[in-house]
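Trainee: Need coordinates for the following:
(one chain, ligands or ions: 2)
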Amino acid sequence: MAAMSAATFSVGSAASFGPKASQLPQSKLSSVRFNSLSFNGLKAATSVNCVSEFFGRESCAALRASIVPKAQKSSQRSTNHFSPQASYKVAILGAAGGIGQPLSLLVKMSPLVSDLHLYDIANVKGVAADLSHCNTPSRVLDFTGEAELANALQGVDVVVIPAGVPRKPGMTRDDLFNINASIVKKLVEAVADNCPNAFIHIISNPVNSTVPIAAEVLKQKGVYDPKKLFGVTTLDVVRANTFVAQKKNLKLVDVDVPVVGGHAGITILPLLSKTKPSVSFTDEEVQELTVRIQNAGTEVVEAKAGAGSATLSMAYAAARFVESSLRALDGDSDVYECTFVESELTELPFFASRVKLGKNGVEAIISSDLQGLTEYEQKAVEALKPELKASIEKGIAFAQKQPVAA
Ligand SMILES: NC(=O)C1=CN([C@@H]2O[C@H](COP(=O)(O)OP(=O)(O)OC[C@H]3O[C@@H](n4cnc5c(N)ncnc54)[C@H](O)[C@@H]3O)[C@@H](O)[C@H]2O)C=CC1
Ligand SMILES: O=C([O-])CC(=O)C(=O)O
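Mentor: Numbering: from 1, shown residues only. Ligands and ions are numbered 1, 2, ... in the order given. You can find the predicted model right below:
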């Protein structure tokens, strides 16, 4: 156990056992890199099994063998091992919450993170103390309350915002607007003042409105860069991949389903016809899978019966999006994710789709995803637009009614 927890591996060392990223199918890239996070301290044995899906048995045997000597060596160190790759600062605002805590743990495992800033209005000190004992590269700092918010954001490259209230059974995401709109507005004002060049990942619901609020705040502050503001919709892709793999009996790591539109009800639109690997669905399967993916958040809210909404799967999805952003910042030119961004793909000002990420944020919006759709998908794109438009306009109107202090 001690040896395992002391094992230290980097993305680079895992990758060197198998094909280069450019040799892997596109659909595998995020998962490869994301799975390799787990080499940086936790669950080494399980991860080796998982990664053998990509790297093959021989490579994995070599990898497994190499765990032991590295682990033995590193167990003699008394302090954290700082990897030369770890160079990015990540701030999580709402870090003590249901999403914030497991997300902080997953980001703590990233070999690309040098500093992890955990901010919340309460209870974050203990979370940070606990997390700081993990012998992975990043330094963990805690910040409590508004007075410490500016410090939490100094020099930060990626800001993740899961702050706000979650749904209870019977509520829509829009029912969270009255509380979460103000929370997001305040936090993004601070981001604009303290780290205006950071990538901003908005998790707080309703994402279809909170992202437009954030954009408006950044515009009012004169620092809006549409390429760096993201609504996190990765969980919709994660769910679509899981449900499709289960339904069609496919290997999970192979499956990639783009999900477009927004992040609420019918605005969540999985493009099943674009599933990779190519797979055919009956009309009934399309209907059943689409509805399940659209209602997956509600499925969790109901199962939790008043104790909140998705936290663990959301943390997993958000950590994947953070890692993808860090890889893009680090110069990886092969990073694609679905996300809700300013877009010209439709007549709406914001739309979720696959984008290519680069050092400066969104490098390209993958417009081909909206071409060659089935009739069902075309109709669904048209059907989601009125609701998405209303949510976007609601967010913009809210932010314009309460302009930020200069
Ligand atoms: N984008 C997506 O796919 C998903 C979004 N969500 C949303 O994420 C949000 C958070 O969900 P949970 O973590 O489950 O809620 P939670 O209630 O467990 O945690 C929220 C945290 O935010 C903190 N907070 C509240 N006001 C704050 C402020 N002004 N500054 C900093 N921190 C503040 C709270 O103290 C708490 O620690 C919700 O709005 C939820 O709807 C949840 C799942 C998926
Ligand atoms: O359903 C919710 O309220 C939380 C959420 O956005 C999701 O799980 O997709």
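
Trainee: residue closest to the middle of this protein?
Mentor: A318 (2.4 Å; CA atoms, centre = their mean).

Trainee: could you say what helices and strands the helix or strand hosting V286 packs with?
Mentor: Applying DSSP states H and E as the criterion places V286 in helix 283-294. Helix 283-294 is packed against helix 234-248, strand 268-270, helix 375-401, with contacts defined by 3 or more CB pairs under 8 Å, 6 or more residues apart in numbering; DSSP states H and E. For glycine as for every other residue, the C-beta is placed from the backbone atoms N, C-alpha and C.

Trainee: ok, the closest residue to ligand 1 within the stretch 51-200 of the chain - contacts?
Mentor: Closest contact between the stretch 51-200 of the chain and ligand 1, by CB to the nearest ligand atom, is at G97 (2.1 Å). When contacts are counted by CB atoms under 8 Å, 6 or more residues apart in numbering, G97 is found next to 120, 162-163, 311.

Trainee: same check, this time on N197
Mentor: 225, 228.

Trainee: Tell me the secondary structure of it, please.
Mentor: coil (DSSP: H, G, I helix; E, B strand; the rest coil).

Trainee: now swap in R354 and tell me
Mentor: R354 - assigned by three-state DSSP - is strand.

Trainee: Please work out how many residues are found near it.
Mentor: 23 (other CB atoms under 10 Å).

Trainee: any idea how far F340 is from it?
Mentor: 12 Å (CB to CB, to the nearest Å).

Trainee: Pick out whichever of the contacts of G97 sits closest to ligand 2.
Mentor: Minimum distance to ligand 2 across the contacts of G97 is 8.8 Å, recorded for T311 (CB to the nearest ligand atom).

Trainee: State the phi and psi torsions of the closest residue to the closest one other than its chain neighbours.
Mentor: Once flanking residues are discounted, T311 sits nearest to G98: 3.6 Å by CB to CB, 6 or more residues apart in numbering. Dihedral angles phi and psi of G98 (degrees, to the nearest 10) take the values phi -60, psi -40.

Trainee: Count the neighbours of G98 for me.
Mentor: 19.

Trainee: mind exporting stretch 325-336 as PDB, just the C-alpha atoms?
Mentor: The C-alpha coordinates for stretch 325-336 follow below in PDB (Å, rounded to 0.1, in the frame of the first residue of the first chain):
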ATOM      1  CA  SER A 325      -7.300  22.500 -21.300                       C
ATOM      2  CA  LEU A 326      -3.900  22.000 -19.600                       C
ATOM      3  CA  ARG A 327      -2.700  19.800 -22.400                       C
ATOM      4  CA  ALA A 328      -3.800  22.500 -24.900                       C
ATOM      5  CA  LEU A 329      -2.000  25.200 -22.900                       C
ATOM      6  CA  ASP A 330       1.100  22.900 -22.800                       C
ATOM      7  CA  GLY A 331       1.200  22.800 -26.600                       C
ATOM      8  CA  ASP A 332      -0.600  19.600 -27.500                       C
ATOM      9  CA  SER A 333      -2.100  20.300 -30.900                       C
ATOM     10  CA  ASP A 334      -4.500  17.400 -30.800                       C
ATOM     11  CA  VAL A 335      -7.100  18.300 -28.200                       C
ATOM     12  CA  TYR A 336     -10.900  18.200 -28.900                       C
END
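
Trainee: in it, what counts as buried?
Mentor: Buried positions in stretch 325-336, judged by neighbour count with 16 or more other CB atoms under 10 Å: 325-329, 332, 335-336.

Trainee: phi, psi of E189?
Mentor: As for E189, its main-chain torsions (degrees, to the nearest 10) stand at phi -60, psi -40.

Trainee: From what I see, it and A214 are in contact.
Mentor: No: counting by CB atoms under 8 Å, E189 stays clear of A214, with 9.6 Å between them.

Trainee: Tell me which of these two has more neighbours.
Mentor: Set side by side, E189 and A214 show more neighbours around A214, with 27 against 18, by other CB under 10 Å.

Trainee: So what does that one have for phi and psi?
Mentor: phi -60, psi -40.

Trainee: give me every residue that touches it.
Mentor: With CB under 8 Å, 6+ apart, A214 has these contacts: 184-185, 188, 200, 202, 229.

Trainee: how about the nearest residue to it, chain neighbours excluded?
Mentor: Nearest non-adjacent residue to A214, counting by CB to CB, 6+ apart: V188, 4.4 Å away.

Trainee: Relative to E216, how far out is the one you found?
Mentor: Taking CB to CB, one finds V188 at 9 Å from E216.

Trainee: of the two, who's got more company?
Mentor: A count of neighbours by other CB under 10 Å puts V188 above the other of V188 and E216, at 27 against 22.

Trainee: pLDDT score for Q402?
Mentor: For Q402, the model assigns a pLDDT of 89.

Trainee: Also S75?
Mentor: The model's pLDDT for S75 equals 29.

Trainee: quick revisit: so what secondary structure elements neighbour whichever helix or strand comes after the helix holding V286?
Mentor: Later in the chain than helix 283-294, the nearest helix or strand by DSSP H and E is helix 296-304. Packing partners of helix 296-304 (3+ CB pairs under 8 Å, 6+ apart): helix 234-248.

Trainee: Rounded mean pLDDT for the helix it packs on, please.
Mentor: 98.

Trainee: other SSEs contacting it?
Mentor: strand 259-261, strand 268-270, helix 283-294, helix 296-304, helix 312-329, strand 335-342.

Trainee: returning to that earlier point: which among the contacts of G97 are in contact with ligand 2?
Mentor: Contacts with ligand 2 are made by none of the contacts of G97, judged by CB under 6 Å from any ligand atom.

Trainee: Perfect, that will be all.
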